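1. Sequence and predicted structure below; questions after.
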Amino acid sequence: MAKKIRAYNSHRGSSFDDFLKEEGIYEECKAYVVKRMLAEQVAEEMKEQNISKAEMARRMNSSRAAVDRLLDPNNASVTLLTLMKAASAIGCDLAVGMRSNPAG
């Protein structure tokens, strides 16, 4: 019977969040995920309400390029104000909150 060889894993027992924190990219990754989720929710609501990008820009009193940035899941540079305008334009509220982090 062949003997199994295991590679040593220095991160064994730690969480993926711990790994990201050790690498110094936790906040960046978390912001990316939050932005991606918001972009998907806005796009889904636009589709359900049959709102074009041009109409969305008009409702937001903004440009089509701003809507494209908003809907781009890889663009994390969208401002809180833009997110609030987008939510309002589709009849939604944007809820932002903080909670304590026990692992903090």
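-> Perfect, thanks for sending it.
2. The residue lying closest to Ala89 once chain neighbours are set aside sits in which helix or strand?
-> Of all residues not flanking Ala89 in the chain, Arg59 sits nearest, at 3.7 Å (Cβ to Cβ, 6 or more residues apart in numbering). Bear in mind the C-beta positions are built from the backbone N, C-alpha and C, glycine included. Per DSSP states H and E, Arg59 falls inside helix 53-60.
3. Using PDB, write out the CA atom coordinates for that helix.
-> Presented in PDB, the C-alpha positions along helix 53-60 are these (Å, rounded to 0.1, in the frame of the first residue of the first chain):
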ATOM      1  CA  LYS A  53     -28.900  52.800 -18.700                       C
ATOM      2  CA  ALA A  54     -29.900  56.100 -20.300                       C
ATOM      3  CA  GLU A  55     -33.000  56.300 -18.200                       C
ATOM      4  CA  MET A  56     -31.100  55.400 -15.100                       C
ATOM      5  CA  ALA A  57     -28.600  58.200 -15.800                       C
ATOM      6  CA  ARG A  58     -31.500  60.600 -16.200                       C
ATOM      7  CA  ARG A  59     -33.100  59.500 -12.900                       C
ATOM      8  CA  MET A  60     -29.800  59.900 -11.100                       C
END
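4. Number the chain from 27, please
-> Fine by me, first position is 27 from now on; the one you just mentioned is helix 79-86.
5. buried stuff in it?
-> 79, 82-83, 85-86 (16 or more other Cβ atoms under 10 Å).
6. And the pLDDT for the residue nearest to Ala115?
-> We have a pLDDT of 97 for Arg85.
7. cool, Asn100 as well?
-> Note for Asn100: predicted pLDDT of 85.
8. Could you pull up the mean pLDDT of stretch 104-118?
-> Averaging pLDDT along stretch 104-118 yields 93.
9. circling back: and the helix holding Arg85, how far from the chain's centre?
-> 21 Å (Cα atoms, centre = their mean, to the nearest Å).
10. Then stretch 53-62?
-> 5 Å.
11. Let's see it as PDB, backbone CA atoms only.
-> Provided in PDB are the C-alpha atoms of stretch 53-62 (Å, rounded to 0.1, in the frame of the first residue of the first chain):
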ATOM      1  CA  GLU A  53     -10.600  45.400   3.400                       C
ATOM      2  CA  GLU A  54      -9.900  45.600  -0.300                       C
ATOM      3  CA  CYS A  55     -11.400  42.200  -0.900                       C
ATOM      4  CA  LYS A  56     -14.400  42.900   1.300                       C
ATOM      5  CA  ALA A  57     -15.100  46.200  -0.600                       C
ATOM      6  CA  TYR A  58     -14.900  44.400  -3.900                       C
ATOM      7  CA  VAL A  59     -17.500  41.800  -2.800                       C
ATOM      8  CA  VAL A  60     -19.800  44.400  -1.400                       C
ATOM      9  CA  LYS A  61     -19.600  46.500  -4.600                       C
ATOM     10  CA  ARG A  62     -20.200  43.500  -6.700                       C
END
